[in-house]
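1. can't give you the sequence, but here's the structure:
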């Protein structure tokens, strides 16, 4: 028992020390390699804690190796462009000039629902309010609003997402399928051609056709 | 830059430590194996050996000295087989149990060889 207690203290203090060595970035700001290192560290550190027959060196050698490699590999791209190309990804423009780039979304494995979720979190109700949306290297989305926004009133409910009816949004907007069919008929658009259709709380609809998005 | 240099220094020290530990295990294992191989391997050799107990105790003492350092770098699970064989070897020598002695000697040599192989820097040990 005392051995496990002392071992836990040692491993904990050592982990704190090496994490300080790694830097001050938070989980949300971590690069992919840092995240992988963090996951590996937690796993490796637990081995000698749960098994007294395993020497502490079995944890310290991999931990110190990982941290050293992490520091070296995060420093090299700042000085050598070859490593920068190798290690860093580039930001992806998801909405460019007010148009949603579907190919980029597919490449980033991002669904329209994911994009809408991020928009809502950022305080936008619809993509039509945005000039640019950029998926940054750290995985966060940055939004740049249009200068003269044609902002919808209240919430813009996404009633059609990628050609499919979103019943939950239709219910939230207090609209029926018949109303949806009428609106589509009014705009002479087939549902399968709609990338995103929103309706705000005043009943104003906005249709983004698939042909209006970047392929 | 300071962190980068510190990381490089620590990494170099770590590499040195790993190589030293590996070299120590290899050297000590060879020493133990050569002592064990020098012990009688057959019933005829056992019958003609005079200082069997003292030679076995010499091997056991070297193993005990090794056991004071090995647990820092090797898990007890890996040491258990060789440790058991070393104890059996001593017990068999003391009790003149020839069959037990021959078996324990072989087990000890095999266990220490595997230990050395496991910590050697080679493709087989890495795989």
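-> Looks like it arrived, so ask away. Only a predicted model underlies this, so the values are computations on that prediction, with no experimental measurement involved.

2. Next, the residue most central in space within chain A: secondary structure please.
-> With distances taken as CA atoms, centre = their mean, residue A:139 lies nearest the centre of chain A, 4.7 Å away. Assigned with DSSP: H, G, I helix; E, B strand; the rest coil, residue A:139 falls in the coil class.

3. next one: the one 4 residues further on
-> Secondary structure of residue A:143, reduced to three states by three-state DSSP: strand.

4. Quick check: beta-bridge partners of it?
-> For residue A:143, the beta-bridge partners are residue A:133 (DSSP bridges).

5. okay, it: pLDDT?
-> Residue A:143 is assigned 90 on the pLDDT scale.

6. what about it, how many neighbours?
-> Residues contacting residue A:143 under the criterion other CB atoms under 10 Å in any protein chain shown number 19. Yep, even glycine has a C-beta here, placed from its N, CA and C like the rest.

7. any idea how far residue B:18 is from residue A:69?
-> As judged by CB to CB, to the nearest Å, residue A:69 and residue B:18 stand 14 Å apart.

8. Equivalent analysis for residue A:82, please.
-> 28 Å.

9. what about the two, which has more around it?
-> The residue with more neighbours, out of residue A:82 and residue B:18, is residue B:18; 16 against 9, by other CB under 10 Å.

10. mind listing what's buried in the worst-scoring helix or strand of chain A on mean pLDDT?
-> Ranking every helix and strand in chain A by mean pLDDT, DSSP states H and E puts helix A:81-87 at the bottom, with a mean of 73. Residues residue A:83 are the ones in helix A:81-87 that count as buried (16 or more other CB atoms under 10 Å in any protein chain shown).

11. again with stretch A:104-124
-> Buried-residue list, stretch A:104-124, by 16+ other CB under 10 Å: A:104-105, A:108, A:110, A:112, A:115-116, A:118-119, A:124.

12. Kindly report the same for stretch A:92-99.
-> Across stretch A:92-99, burial judged by 16+ other CB under 10 Å covers A:92, A:94-95.

13. Run a quick neighbour tally on residue 59.
-> In the absence of a named chain, chain A is used. Using other CB under 10 Å, residue A:59 has 23 other residues around it.

14. think we crossed wires, I meant chain B
-> Neighbour tally, residue B:59, other CB under 10 Å: 22.

15. In which helix or strand does it reside?
-> helix B:52-73 (DSSP states H and E).

16. again with residue A:160
-> Using DSSP H and E, residue A:160 falls in strand A:157-161.

17. so what's the residue nearest to residue A:113 when sequence neighbours are not counted up against?
-> Of all residues not flanking residue A:113 in the chain, residue A:161 sits nearest, at 6.6 Å (CB to CB, 6 or more residues apart in numbering or on different chains). By CB atoms under 8 Å, 6 or more residues apart in numbering or on different chains, residue A:161 lies in contact with A:112-113, A:116, A:196.
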